[in-house]
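Asks: turn this into a structure:
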Amino acid sequence: MSDNTADSKLAADLRLSESPEWADRVRAIDGLVAAVDSPQARARLEAMLHDAGDVGVQVAAADALTRFGGWRGLLAVLSELGRRDDSDVDYIGYRLSELEESGEFAVLDAAAAVDPSQMSPEAVQGLQDLKKLIGL
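Replies: This is a model prediction of the structure:
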């Protein structure tokens, strides 16, 4: 894909991610994941972790960042878990637990591979909360 085509696709996905329709925002996540190395795509995915319109968008963004966002994406999600105390973030925790327990993605192994100096207090708390949810 040429740079202009990739830029146009990213711009379209960024616009779609701002749609008033939750299904459009969820659909945009696949395109944003394809460009997750772009600062704009990563920032938008992280913003979608606290999408005010729909918890499904939050969970889909958390899933995408955890599986495809590298250690920075995982830390963004763990930080959300540790920072927030609301029922919506519980669904994010359940999804991470499901990824771990099903073997679909080794969340705890990925977290263990992160340099501890890179983890904020919120990410540390989020990891502790996730371990508790998993039963460790």
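Asks: residue contacts, residue 113?
Replies: Neighbour list for residue 113: residue 71 [criterion: CB atoms under 8 Å, 6 or more residues apart in numbering]. In short, each C-beta sits where N, CA and C put it, glycine included.
Asks: report pLDDT for it.
Replies: pLDDT, residue 113: 96.
Asks: again with residue 85
Replies: According to the prediction, residue 85 has pLDDT 89.
Asks: three-state assignment of it?
Replies: Assigned state for residue 85: coil (three-state reduction, DSSP: H, G, I helix; E, B strand; the rest coil).
Asks: that one: how many residues sit nearby?
Replies: 9 (other CB atoms under 10 Å).
Asks: for it, give its distance to residue 44.
Replies: Residue 85 is 24 Å from residue 44, where distance means CB to CB, to the nearest Å.
Asks: helices of this structure, start to end?
Replies: Shown for the chain, the helices assigned by DSSP state H span residues 3-16, 22-34, 39-47, 55-68, 70-83, 87-102, 107-112, 121-134.
Asks: can you give me the buried ones in the second one?
Replies: Burial within helix 22-34, assessed by neighbour count using 16 or more other CB atoms under 10 Å, is assigned to 25-26, 28-29, 31-34.
Asks: contacts for it next, please.
Replies: With CB under 8 Å, 6+ apart as the test, helix 22-34 has contacts from 9-10, 12-14, 16-19, 41, 44-45, 48, 51, 53-54, 56-57, 60-61, 64, 68-69.
Asks: now swap in the last one and tell me
Replies: Surrounding helix 121-134, the residues in contact under the criterion CB under 8 Å, 6+ apart are 75, 77-83, 93-94, 96-97, 100-101, 107-108, 111, 119.
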